[in-house]
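Novice: After the sequence you'll find the predicted model.
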Amino acid sequence: TFLQLLALSLVVWDLCESARAVRAAMQALVLGLWLAAMSVFVNFAQGVEAYYGRFSASSADPNYMSMMLALGMPLAWYLSLHSEHKQVRVMNVLYVPVAGLAMGLTGSRGGFLAGFVAIGYILSTIRRLRPAGLVALLLAVGAAVVAISLVVPDTTIERIVSVGDEISEGDLNGRAGIWLEAWDAFAERPVAGIGAGASRAVLPTGKVPHSVTITLALELGIVGLTLFGAMVVASLRFTRWLTRPDRRMWLSVAAIWAIGSLSLSLETRKLTWILLSLLVGATVAARQSAMTPAGRWNTPEMAGPMPGNKGSF
């Protein structure tokens, strides 16, 4: 799995070396998430449940699906602000309410929290919208809220809104017990870990820890956890080369991923490595555009888009 993820990251890194290429890859990713949302709707229409009262794309865990759809929200909204084609802008704007409805059908509480981060990013860019665009957005979001209230089963809605009680009083749907088992196993081999993918074999419950930090610490030890953490921190430090709008978008994506990492094992998911690779590609493109003829670097603000040209760094 890790070899496949490495190859995937190298392909993205090799191809996405310009702002245009990065945005093209982001758009392709959003299109793929559109198909995933449609699969959720098809399964709902056919009554194919992932769990009781919860729906997902075919062969996909609803919690992972909800988090993937949430990660696509900032990407789609960002692309809607920078696309030169009206049809593409409309498609990206519509992704937000469509993904929100699909996330409601999954019944994922983590996805519910991640959705608030995505909405916060969208609200931070409202001033860039024209009046007609703002009205269209409000209508789309309003339609999504009405659709969720009418379509999503009451038991699923009750599960989603119980997130506060689950955090304060519950055991996080059984995760707390798994984490305690993982801690005991980690204490036996804290430096190098028990080996990649071996957590199911050593935990009494036979489940993965459902947490990026705990999974990495258990399987790869302090060494692996430190290397992964250093990679993430280094990637986030690169955002200083981005313009403010781009930095805001990528930091919101990072915040959504961080929420997902608390309760999901995202370290082996392709979307994690694609987003990391795209972030690196975006920063490389920004640094190249910030280079002056004398070979010195401008500030990220100096590298920003010129007035009237939203499509370039």
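Specialist: Yes, it's here.

Novice: And L101, how close does it get to D154?
Specialist: Taking C-beta to C-beta, to the nearest Å as the measure, L101 falls 16 Å from D154. Every C-beta, even on glycine, is put in place using the N, C-alpha and C of the backbone.

Novice: So if I had to pick from those two, which one is more boxed in?
Specialist: Taking neighbours as other C-beta atoms under 10 Å, L101 and D154 compare with L101 leading, 21 against 9.

Novice: helix or strand for that one, which one?
Specialist: Taking DSSP states H and E as the criterion, L101 maps to helix 86-106.

Novice: Check the offset of the helix or strand just after that helix from the chain's centre.
Specialist: Moving toward the C-terminus from helix 86-106, the next helix or strand (DSSP H and E) is helix 109-124. The chain centroid and the centroid of helix 109-124 are separated by 11 Å under C-alpha atoms, centre = their mean, to the nearest Å.

Novice: Can you find the helix or strand of the chain with the lowest average pLDDT?
Specialist: In the chain, the helix or strand scored least confidently by mean pLDDT, DSSP states H and E is helix 163-168, which has a mean of 58.

Novice: Toward the C-terminus, what is the element adjacent to it?
Specialist: helix 175-188.

Novice: just for the stretch 1-150 of the chain, where's the confidence low?
Specialist: The model of the stretch 1-150 of the chain has pLDDT under 70 over residues 133.

Novice: what about the residue nearest to the spatial centre of the chain, distance to V151?
Specialist: Nearest to the mean C-alpha position of the chain, counting by C-alpha atoms, centre = their mean, stands L71 at 2.7 Å. L71 sits at a distance of 23 Å from V151 (criterion: C-beta to C-beta).

Novice: again with V135
Specialist: Plainly put, V135 is 24 Å away from V151 if you go by C-beta to C-beta.

Novice: Also G100?
Specialist: In this view, G100 and V151 are 12 Å apart by C-beta to C-beta.

Novice: what do you get for F44?
Specialist: According to C-beta to C-beta, F44 and V151 sit 8 Å apart.

Novice: returning to what we had before: looking at G100 and V151, which one has more neighbours?
Specialist: Per other C-beta under 10 Å, whichever of G100 and V151 has more neighbours is G100, with 24 against 13.

Novice: need the contact list for the more buried one.
Specialist: 73, 115, 141, 144, 148 (C-beta atoms under 8 Å, 6 or more residues apart in numbering).

Novice: so which of those residues is the most crowded?
Specialist: The most crowded member of these is M73, carrying 28 neighbours; neighbours defined as other C-beta under 10 Å.

Novice: Touching, it and A102? I think so.
Specialist: No. Judged on C-beta atoms under 8 Å, M73 makes no contact with A102 at a distance of 11.1 Å.

Novice: quick one: the lengthiest helix in the chain to chain centroid distance?
Specialist: For the chain, the helix with the greatest residue count under DSSP state H is helix 19-46. In terms of C-alpha atoms, centre = their mean, the centre of helix 19-46 is set 13 Å apart from its chain centre.
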